[in-house]
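Asks: Give the three-dimensional model of this entry:
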Amino acid sequence: MTIDKSLKVRRGLLKTRSVLSRGERIARLADADRWTEDDAVLGLPKVRVQKLTLKKKKKAKDEGAEEGTDKKKGKK
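Replies: Residues are numbered from 1 along each chain as shown. Modelled structure (predicted):
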């Protein structure tokens, strides 16, 4: 069977996974001091996985673009 286009990943493997294994969850909880060795392994609290998003850079206005708008206003 083939994979639907909407399910394909453009860059190959995902860099952030939405589901962590039990060991990864325990490691993150231990780092945040929310889990100790005495706590049960089953029934762990949820661990939020944050995705890294980058803002797109704004395009700098060129002087040529500003002059082009002035030329249009001058003609009638």
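
Asks: Every contact and neighbour count from this point should use C-alpha atoms.
Replies: Fine.

Asks: Find the residue ranges of this structure scoring beneath the pLDDT cut-off.
Replies: When the per-residue scores of the chain are filtered using pLDDT under 70, the ranges that remain are 9-16, 62-76.

Asks: same thing but 90
Replies: Along the chain, the parts satisfying pLDDT under 90 run over 1-20, 35-39, 41-44, 46-76.

Asks: just the helices in it please.
Replies: In the chain, the helices defined using DSSP state H lie at 22-31, 63-74.

Asks: what comes into contact with the first one?
Replies: Contact with helix 22-31 is made by W35, T36, L44, V47, as judged by CA atoms under 8 Å, 6 or more residues apart in numbering.

Asks: Same list, those residues, but as TSV with distance to T2 and neighbour count please.
Replies: What follows is the contacts of helix 22-31, written out as TSV (distance: CA to CA, whole Å; neighbours: other CA atoms under 10 Å):
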residue	distance to T2	neighbour count
W35	42	18
T36	44	12
L44	36	14
V47	33	14
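
Asks: mind listing what S18 touches?
Replies: Per CA under 8 Å, 6+ apart, neighbours of S18: V49.

Asks: shift numbering so it begins at 108
Replies: Right, with 108 as the first residue, what we last looked at is S125.

Asks: So what does it look like in phi/psi?
Replies: As for S125, its main-chain torsions (degrees, to the nearest 10) stand at phi -80, psi -20.

Asks: and R124, how far is that from L149?
Replies: Between R124 and L149 the computed distance is 21 Å (CA to CA, to the nearest Å).

Asks: Look at those two and report which has more neighbours.
Replies: It is R124, of R124 and L149, that has more neighbours when counted by other CA atoms under 10 Å, with 10 against 7.

Asks: Let me see the contact set for the more buried one.
Replies: Per CA under 8 Å, 6+ apart, neighbours of R124: V156.

Asks: cool, and the one 3 residues further on?
Replies: L127 sits next to no residue when contact means CA under 8 Å, 6+ apart.

Asks: nearest to K163, of the contacts of helix 129-138?
Replies: V154 (28.2 Å; CA to CA).
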